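[1] missing the sequence, but the structure's below:
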């Protein structure tokens with residue numbers, strides 16, 4: 001059993017209030033598909049994942065041809081490490097969006113500029129890629145990220161997808177193809193949310209030595225530690241510094257942010273990581 005998400009008191013208060021409002025809206029309009037989806041999202045943000053999944057199942061019963069509920073249910077199966085169920089939902093969602101216009105997905109807690117950076121379609125392919133990546137099915141992960149890049153029409157989503165696409169290419173041994181991607185990377189790109197992913201890619205672009213690993217991690221906190229840390233761990237593996245990579249992944253797991261993608265990916269990476277004759281289980 002995993003613990004509840006680690007949230008600041010302020011954030012938890014905000015989410016609790018928004019959950020109350022979402023529940024009230026559903027009580028008033030029980031057949032409003034969008035209201036049901038938001039109720040599920042509000043439950044999930046507070047860690048009530050199984051309750052959220054039940055709400056998404058209700059939404060699917062209301063409209064089985066709408067991709068939105070499958071996308072969000074898949075996300076929560078992914079959180080709960082039910083990777084095959086997550087993949088099934090994302091694949092279903094992917095089939096339902098074929099030939100349809102994309103739509104912006106509002107954030108559960110908007111960024112400082114209150115500008116959403118992702119869409120329904122980009123989120124479907126992004127999360128599907130992650131699910132396949134964690135299962136180490138890199139060819140299918142690569143295909144999902146390729147689709148994600150096509151529909152990533154702003155800098156933040158593009159850089160986030162490019163980061164995972166790049167790492168997946170390396171996992172497949174396609175180093176030259178991966179490095180060619182970096183030639184189009186803008187070192188001075190302006191981003192709202194994906195700075196960590198951009199900095200990961202810049203490690204490869206600049207071929208940084210990373211002599212003091214702790215220095216790179218100590219200045220980061222919360223989710224930044226996890227997203228950048230996972231990328232750093234992979235970079236260290238590419239440099240042949242397996243033990244340093246292992247220490248980074250362990251530091252990520254010590255952060256207790258178990259529901260984040262960086263944590264989930266580091267968790268699985270550690271299970272497979274081999275340093276000499278040592279394997280971390």
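    Ah, there it is. Here the structure is a predicted model, which is why all the values come from computation and not from measurement.
[2] what residue ranges in the stretch 51-200 of the chain are flagged as low confidence?
    Low-confidence segments of the stretch 51-200 of the chain (pLDDT under 70): none present.
[3] ok, 80 please
    109, 111-112 (pLDDT under 80).
[4] Okay, helices next: where are they in it?
    Taking DSSP state H, counting those that start in this stretch as the criterion, the stretch 51-200 of the chain contains helices spanning 67-79, 83-96, 120-134, 138-151, 155-171, 175-181, 195-206.
[5] Let's have the ones you listed in CSV, adding distance to residue 12 and mean neighbour count.
    For glycine as for every other residue, the C-beta is placed from the backbone atoms N, C-alpha and C. Shown next, in CSV, are the helices of the stretch 51-200 of the chain (distance: least, Cβ to Cβ, whole Å; neighbours: other Cβ atoms under 10 Å):
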stretch, distance to residue 12, mean neighbour count
helix 67-79, 17, 25
helix 83-96, 26, 20
helix 120-134, 24, 24
helix 138-151, 31, 20
helix 155-171, 26, 22
helix 175-181, 39, 13
helix 195-206, 24, 19
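[6] Between these, which one is closest to residue 188.
    Closest of those to residue 188 is helix 195-206, at 10.0 Å (criterion: Cβ to Cβ).
[7] Could you point out the helix or strand that follows the closest one?
    helix 213-218 (DSSP states H and E).
[8] List the contacts of whatever helix or strand comes next after that next one.
    Next helix or strand after helix 213-218 toward the C-terminus (DSSP H and E): helix 222-238. Defining contact as Cβ atoms under 8 Å, 6 or more residues apart in numbering, one finds that helix 222-238 is touched by 163, 167, 170, 196-197, 199-200, 203-204, 210, 213, 216-217, 220, 242, 244-246, 248-249, 251-252, 255, 257, 260-263, 265-266, 269, 273.
[9] how about 6 Å then?
    167, 196, 200, 203, 216, 220, 244-245, 248-249, 252, 255, 257, 260, 262-263, 265-266 (Cβ atoms under 6 Å, 6 or more residues apart in numbering).
[10] do stretch 34-45 as well
    Here stretch 34-45 makes contact (Cβ under 6 Å, 6+ apart) with 15, 18-19, 22, 25-26, 29, 51-52, 55-56, 59, 68, 76, 108.
[11] If any of these are buried, put those into a PyMOL selection.
    This is how PyMOL selects the buried members of those, with burial counted by 16 or more other Cβ atoms under 10 Å:
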select buried, resi 15+18+19+22+25+26+52+55+56+59+68+76
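[12] Pick the one among the contacts of stretch 34-45 closest to residue 139.
    Within those, the smallest distance to residue 139 is 25.5 Å, found for residue 76 (Cβ to Cβ).
[13] which residues does that closest one contact?
    Contacts of residue 76 (Cβ under 6 Å, 6+ apart): 44, 49, 52-53.
[14] now residue 97: how far from residue 70?
    10 Å (Cβ to Cβ, to the nearest Å).
[15] Then residue 10?
    32 Å.
[16] One more: residue 267?
    25 Å.
[17] got it, and residue 96?
    7 Å.
[18] now residue 188
    38 Å.
[19] again, but for residue 189
    Between residue 189 and residue 70 the distance is 32 Å, computed by Cβ to Cβ.
[20] What residues of the longest helix belonging to the chain count as buried?
    Secondary structure of the chain per DSSP state H: the longest helix is helix 9-28. Residues of helix 9-28 classed as buried by neighbour count (16+ other Cβ under 10 Å): 12, 15, 18-19, 22, 25-26.
[21] How about stretch 251-261?
    Those would be 251-252, 255, 257-261, for stretch 251-261 by 16+ other Cβ under 10 Å.
[22] could I get those residues as JSON lines with pLDDT?
    Putting the buried residues of stretch 251-261 into JSON lines (pLDDT from 0 to 100) gives the following:
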{"residue": "251", "pLDDT": "92"}
{"residue": "252", "pLDDT": "92"}
{"residue": "255", "pLDDT": "86"}
{"residue": "257", "pLDDT": "86"}
{"residue": "258", "pLDDT": "89"}
{"residue": "259", "pLDDT": "90"}
{"residue": "260", "pLDDT": "90"}
{"residue": "261", "pLDDT": "91"}
